[in-house]
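**Student:** 3D, please:
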Amino acid sequence: MYLTDTIAAISTAVSPSGIGIVRMTGKEAVEIADKVYKGKNNKKLSTQKSHTIHYGYIADGEDMIDEVLIMLMRGPHTFSGEDTVEINCHGGVYIVKRVLEVLIRYGARPAEPGEFTKRAFLNGRLDLSQAEAVSDMISSQNEYALKSSIGQLKGNIKQKINDMRNAIIHHTAFIETALDDPEHINIDGYGEKLRSAVEKLLEEIGTLLSTCDNGRIIKEGIRTVIIGKPNVGKSSLLNVLLGEDRAIVTDIAGTTRDVLEEHINLQGVSLNIMDTAGIRDTDDTVEKIGVEKARNHAKSADLIIYVADASSVLDEDDRDILRMIQGKQAIILLNKSDLDKIVTKEEIKRQYLLLNTVDNSEEYIPIIEISAKKKEGITELEKTLKEMFYEGKISFNDEIYITNIRHKSALNHAFESLKKVRESIDANMPEDFYSIDLMDAYEELGNITGETIGEDLVNEIFSKFCMGK
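**Tutor:** Purely as a prediction, here's the structure:
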């Protein structure tokens, strides 16, 4: 009953705006709307065709609240699969709240976070991966995250998972049938045929798992750490990228003691960017802690932006940083290039190759001359960032990216279960051993689409959605 009663919520941001939308869905949605809607010639919504829009007023008895357009949609051809009424009113904070209060007074109840999408899932309009894509679309912060979410909403993950589950259930059903009826179904030598199918499944799951890092970058942004010696212009660079004076900038070396983190978007590339303490040997206890934090963040970064001072000779601290960025995605910025240059691109590249101890001596690390003070070279930096992460590394054709940690976990478990099947085949174990692990993999993959997921986890997933969606 709780999942079939009529719910209502404000579906637009609660802030002054041109239009606000209050959504209501459930078996009594049209009946409740009739009680509060005042149209021309006493028109009743219950007598109108589905997927039509009607002009009129929302009223609480004789008290007129707002002039509205009402969209009437009857199930099952709606987002939730139920009768749905969307009230388009003026977007004042007080107005949309009053409209919602009236709907609740006449029989609706306040929707829980994500309940509209939850009902779409429970009514078979979406699978769980598509439902989660709805939430990801709303929270997407760049073009690539949006495109990935749209692909998932269209069902690219659902189709891939269903294909793999169908293959697993086919072999499981054959084995179970053969074990139940050995007189008529010969299972001899089936292990080799099954092994070939398992290898293909392992390859497909492995391919999906290999996209997880790129998927995380698409969804959450690139973990970017700015490092360099004190007073080379790291904080000035951050302020330029942000377009505001967020970090303190002085001529005193060691001003930045802790990590300052901000989120920025450069030409569609999302960066979770951290300004860190200057790296150098120091006897200052607090500064030492900041330097250690800088080193630790650099180890786990997706991208390191190393800022060097083009107007000063390279010293041992610079060489220490050049060692740190070996084998990492990195960009070297020669800041203060508007001053008399002592360090050139050729010199810093020569030093990097000289200190290189890993087998990537031919790897190209972009070196860009900039002036954070005069905002020169920033366009080239933005262009380089985009090329590094989205040309040849992440593309948006028909490729699927795993952006959800829950999906990654389920894929990992399915992968391990299929490895056990392969091990059982190689060890010539009885066929019923194959079925146990095959069904484990089947169940784990079903967790992604929601076909084998428990009610508690469903509730937890949708509780993280925004209100009104």
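**Student:** When you work out contacts or count neighbours from here on, use the C-alpha atoms and nothing else.
**Tutor:** OK.
**Student:** For stretch 324-341, what is the distance to the chain centroid?
**Tutor:** Distance, stretch centre to chain centre, for stretch 324-341: 30 Å (Cα atoms, centre = their mean, to the nearest Å).
**Student:** Next, the buried residues of that stretch.
**Tutor:** Of the residues in stretch 324-341, 324-326, 329-337 count as buried by neighbour count, 16 or more other Cα atoms under 10 Å.
**Student:** measure stretch 8-22 end to end?
**Tutor:** When the termini of stretch 8-22 are compared using Cα to Cα, to the nearest Å, they are 7 Å apart.
**Student:** correction: stretch 444-463
**Tutor:** End to end - Cα to Cα - stretch 444-463 spans 22 Å.
**Student:** What residues sit buried inside it?
**Tutor:** Result for stretch 444-463 [16+ other Cα under 10 Å]: buried residues 444-450, 453, 461-462.
**Student:** what separates it from the chain centre, distance-wise?
**Tutor:** With Cα atoms, centre = their mean, you get 18 Å for stretch 444-463.
**Student:** Which ones among the buried residues of stretch 324-341 map onto helices?
**Tutor:** residue 324 (DSSP state H).
**Student:** which residues in the stretch 51-200 of the chain form strands?
**Tutor:** Ranges of strands in the stretch 51-200 of the chain, per DSSP state E, counting those that start in this stretch, are 52-60, 63-73, 84-90, 109-110.
**Student:** need these in JSON lines with mean neighbour count, can you?
**Tutor:** Listed next are the strands of the stretch 51-200 of the chain as JSON lines, based on neighbours: other Cα atoms under 10 Å:
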{"stretch": "strand 52-60", "mean neighbour count": "17"}
{"stretch": "strand 63-73", "mean neighbour count": "18"}
{"stretch": "strand 84-90", "mean neighbour count": "24"}
{"stretch": "strand 109-110", "mean neighbour count": "18"}
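**Student:** Which one, of the ones you listed, ends up nearest to residue 379?
**Tutor:** For residue 379, the closest of these is strand 84-90, at 41.3 Å, according to Cα to Cα.
**Student:** Determine the set of other helices and strands touching the closest one.
**Tutor:** strand 19-25, helix 29-36, strand 63-73, helix 93-105 (3 or more Cα pairs under 8 Å, 6 or more residues apart in numbering; DSSP states H and E).
**Student:** among the ones you listed, which is the most enclosed?
**Tutor:** strand 19-25 (a mean of 24; mean count of other Cα atoms under 10 Å).
**Student:** That one packs against which elements?
**Tutor:** Packed next to strand 19-25, using 3+ Cα pairs under 8 Å, 6+ apart, are strand 7-10, strand 84-90, helix 93-105.
**Student:** and these as CSV, adding mean pLDDT and distance to residue 306?
**Tutor:** Formatted as CSV, the helices and strands packed on strand 19-25 follow (pLDDT from 0 to 100; distance: least, Cα to Cα, whole Å):
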stretch, mean pLDDT, distance to residue 306
strand 7-10, 94, 46
strand 84-90, 96, 50
helix 93-105, 94, 47
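**Student:** Select, out of those, the one closest to residue 77.
**Tutor:** strand 84-90 (9.6 Å).
**Student:** How far does the closest one sit from its chain's centre?
**Tutor:** 29 Å.
**Student:** Over to stretch 378-392?
**Tutor:** 21 Å.
**Student:** For it, buried residues please.
**Tutor:** 378, 381-382, 385-386, 388-389.
**Student:** for stretch 341-352, same thing?
**Tutor:** Counting neighbours by 16+ other Cα under 10 Å, one finds that the buried residues in stretch 341-352 are 343-344, 348-349, 352.
**Student:** same question, stretch 130-138
**Tutor:** Neighbour counts over stretch 130-138 (16+ other Cα under 10 Å) mark 130-137 as buried.
**Student:** which ones among those residues are found in helices?
**Tutor:** Using DSSP H, the members of the buried residues of stretch 130-138 that fall within helices are 130-137.
**Student:** does residue 308 sit in a helix, a strand or a coil?
**Tutor:** strand (DSSP: H, G, I helix; E, B strand; the rest coil).
**Student:** and what of the one 3 residues further on?
**Tutor:** Following three-state DSSP, we place residue 311 in the coil state.
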